[in-house]
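Chemist: Next comes the sequence, and after it the predicted model I'd like to discuss.
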Amino acid sequence: MTDKKRVVTTSARRTARKTSAEFNFSAEMLPVIETGSETISSYRQTAWEAFQRLEMPKTTEEAWRRTDIRGLRADSFAIAKADPTDASVPAELLKPLVGEGHGGQITMQAGKTEIYLDPDLAAKGVVFTNLRTALSQHPEVVEKILGQIVAVDEDIFSALTAAFAEDGVLLYVPRGVQIEDPLHSVLWGPGASRAYFSHLLVYLDEQSSATYVHEYASPDESDQSLHTGIVEIFVGKAARLQFVEFQSWGRHVWNFTHERAKVERDANLDWIFGAIGTHLTKNFSEIDLVGEGSTGRMSGFYFTDGIQHLDHDTQQNHHAPHTTSDLLFKGALKDHSRSVWQGMIYVAPGAQKTDGYQSNPNLILDKTARADSIPGLEIMADDVRCTHGATAGKIDPTEVFYLNSRGIPTEDAERLIVEGFFDPVMQRIPFEGVRQRLQQAIIDKLA
Amino acid sequence: MAKLEIKNLHVSVENTEILKGVDLTVYQGEVHAIMGPNGSGKSTLAYALSGHPHYEVTEGEVILAGEDLLEMDAAERSQLGLFLAFQYPVAIPGVTLANFLRTAINSRRKADNPDDKGIPIPEFRKLLKEKLDLLKMDHSFAGRYLNDGFSGGEKKRAEILQMATLQPRFAVLDETDSGLDIDALRTVSEGVNALRGPGLGVVVITHYQRILDYIKPDFVHIMFEGKIVESGGPEMALLLEEQGYDWIREKYGVKA
């Protein structure tokens, strides 16, 4: 499995590159951030230094063993800038998620950001804005969470994101504020040979609640593009967050993300992932249950086709007693696509009476598709209940025949079975409008 | 009045001949019972009629309302008006009974008219409620995943609900009585009786006479070693109840 070969590049500028990695990003490309915060400035500086120091992950590293990124044309990316020829955000993506509308909506694309927040929520102290605005106008809020949950040097991609991100969102919900309507943000990243960086910061103070839906999307291109992202979530004491993330990146996008949530005492996080896009994704998602009585649920679905490769690396960390985690990731795979799920439940010493569950069923729709499923438990306490399951199966012909016998042709029967396979995850999605959006994505993939 | 005609039907499973020349004609409005000992080929007949790919028809014909059933796949046979109530209904996790039935209805409509947009939701809801009420079933039944976690009795009732909703011309009930206690059997039979009428021909396949106390047949046939060997009226079932299948084995079995 050792690999000494470097990325094959054709760029003549390669020798002139100053960074230690194969990316062509240099110090003069760093965005100028107007902030009075020393914390923020030093965070970004530290990130830049880490980026210069860190190397591309290799398949000799356990986390990357099943995801080979030697095909990444790291030197081909330029930081996305405003381009008037870009496709604009499809209206479909901006449709209201529920009834009359949203509590807030942010649309981001290179050089153009639109922000709406219900004035009533703003009056209650809710902050819902893009990252650039947050860094300059809300540094005191940003400082509460920035870099507190995801370290800049987790790997080269987190460092890159932390140093370069201007896109992203800050959601801050003050103590005791309940947000009824969902908040919605979209990062729209069209174009080839571009690099997009996004950093989401979600901070729910004690006893607050919110539902937040974030989407990453772009049309297909022929040449590669890059997205790297960080998501940092803090759910304060007895707060409740429902967070839906959905990526429908174009088939040319290589996507690397680090996401982690810290859940305090008696708080509740309900986190839903949907993934249908990208050429390749390596996603790290973790829940840290740090407060007694906290609960974290991670529900995911992915549906791959063609030569897509999606790798989700999840971790449910029980650091306190009486914590509950429940992970359900369901995947369907067509053609030559491949998925990897590696999940770990960790129970710290003394985290008694914890209840951890993880399950990763996969539906293999073509012989040439492959799903790797690697559950794991690391339990340092003795009074816990932790269970896991991972399966990979094909569509059961007896199910197809049963549906046939009711007049449903095979193609429709298989569609129904795949939709049914995903339904338990869909039922966890709040709001009919959001659910329909994601169900439609599955139907489109089946067509 | 349409008829289902089975002529000299031979069926093999994995190159072993199970049905060795079955002849049977069923008219709409009639109820036929096919009884016989285990292994006589009753369920094979049910599966072969419905078009299960593992059952190979080697000889004979099956005509439904003048059309050659054997030329059709399972979905087309259903669309033509044939229904099989399964002995072991299959669970489809994640698909509600209502969603499944709506898809089945829409498949029929689309077969009739490729431009059909599907049954309007309010019309479908009304239809489903009617059928649930007819069969004295709770409306919440329709929201459950199809056969997933259903009790034996619930599965069989769900089969009858499907039959009621899809309105076939001919229904084959394959050992619908198996595994049911007497209350469940009565409920399911009442459902079938509620659907009896001039537009429906029924074939009840059973090992036991018990179900025929509730679903009164017009004709009773005895199947043995892949053929129908005796046919008669309802009294035939009572004869079997009293005497068992031994006399059939003696009369038609290979002599020792």
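Modeler: Arrived safely, thanks for sending.

Chemist: Whichever residue of chain B sits closest to chain A: what's it in contact with?
Modeler: Residue of chain B nearest chain A, by CB to the nearest CB: B:G94 (2.9 Å). Using the backbone N, CA and C atoms, a C-beta is placed for each residue, glycine as well. Shown in contact with B:G94 (CB atoms under 8 Å, 6 or more residues apart in numbering or on different chains): A:E419, A:G420, A:F421, A:F422, A:D423, A:P424, B:Y145, B:D148.

Chemist: Please pick the buried ones from the residues you listed.
Modeler: By neighbour count, with 16 or more other CB atoms under 10 Å in any protein chain shown, the contacts of B:G94 hold A:E419, A:G420, A:F421, A:F422, A:D423, A:P424, B:Y145 as buried.

Chemist: Might one say that the third one is in contact with A:A332?
Modeler: Yes. With contacts defined as CB atoms under 8 Å, A:F421 counts as touching A:A332 at a distance of 6.5 Å.

Chemist: Now do the shared contacts for the two.
Modeler: Common neighbours of A:F421 and A:A332 (criterion: CB under 8 Å, 6+ apart): A:L363.

Chemist: Now do the phi/psi pair for the residue nearest to B:A142 when sequence neighbours are not counted.
Modeler: Counting by CB to CB, 6 or more residues apart in numbering or on different chains, B:A142 lies nearest to B:A98, which is 4.1 Å off, once chain neighbours are set aside. Phi and psi for B:A98, reported as degrees, to the nearest 10, are phi -70, psi -50.

Chemist: Double-check B:A98 against B:L146; I have them as touching.
Modeler: No. Counting by CB under 8 Å, B:A98 does not reach B:L146; the two are 9.3 Å apart.

Chemist: And those two? Which one has more around it.
Modeler: The neighbour count for B:A98 versus B:L146, taken as other CB atoms under 10 Å in any protein chain shown, is higher for B:L146 (26 against 19).

Chemist: residues in chain A within reach of chain B, list them.
Modeler: Counting by CB under 8 Å from any CB of the partner chain, the residues of chain A lying close to chain B are A:398-399, A:401-410, A:412, A:416-417, A:419-424.

Chemist: domains in chain B, as residue ranges please.
Modeler: Domain assignment for chain B by automatic domain parsing gives B:3-89+B:168-252, B:91-149.

Chemist: would you turn those into JSON lines with mean pLDDT?
Modeler: Shown next, in JSON lines, are those (pLDDT from 0 to 100):
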{"stretch": "domain B:3-89+B:168-252", "mean pLDDT": "95"}
{"stretch": "domain B:91-149", "mean pLDDT": "95"}
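
Chemist: is it fair to say A:R297 lies in a strand?
Modeler: Yes. Counting by DSSP: H, G, I helix; E, B strand; the rest coil, A:R297 is located in a strand.

Chemist: Grab the nearest non-local neighbour of the closest residue to chain B within chain A.
Modeler: Nearest residue of chain A to chain B (CB to the nearest CB) works out as A:G420 at 2.9 Å. Residue nearest to A:G420 in three dimensions, not counting chain neighbours: B:G94, with 2.9 Å by CB to CB, 6+ apart.

Chemist: what do you get for B:I92?
Modeler: Nearest to B:I92 is B:L146, by CB to CB, 6+ apart, at 4.3 Å.

Chemist: tell me which element A:W254 falls in.
Modeler: Assigning secondary structure by DSSP states H and E places A:W254 in strand A:253-263.

Chemist: After that strand, heading C-terminal, what element do we hit next?
Modeler: strand A:268-275.

Chemist: Parallel or antiparallel, list what pairs with that following strand.
Modeler: strand A:240-248 (parallel), strand A:295-304 (parallel) (DSSP bridges).

Chemist: and A:T113, how far is that from A:V32?
Modeler: A:T113 sits 16 Å away from A:V32, going by CB to CB, to the nearest Å.

Chemist: Enumerate the residues of the stretch 1-150 of chain B near chain A.
Modeler: Residues of the stretch 1-150 of chain B lying near chain A (CB under 8 Å from any CB): B:50-53, B:73-75, B:77-79, B:83-84, B:86, B:89-95, B:99-100, B:103-104, B:107-108, B:111, B:145.

Chemist: give me that answer again for 6 Å
Modeler: B:50, B:74-75, B:78-79, B:84, B:90, B:92-95, B:103-104, B:107-108 (CB under 6 Å from any CB of the partner chain).

Chemist: now those residues: which count as buried?
Modeler: B:50, B:74-75, B:78-79, B:84, B:90, B:92-95, B:103-104, B:107-108.
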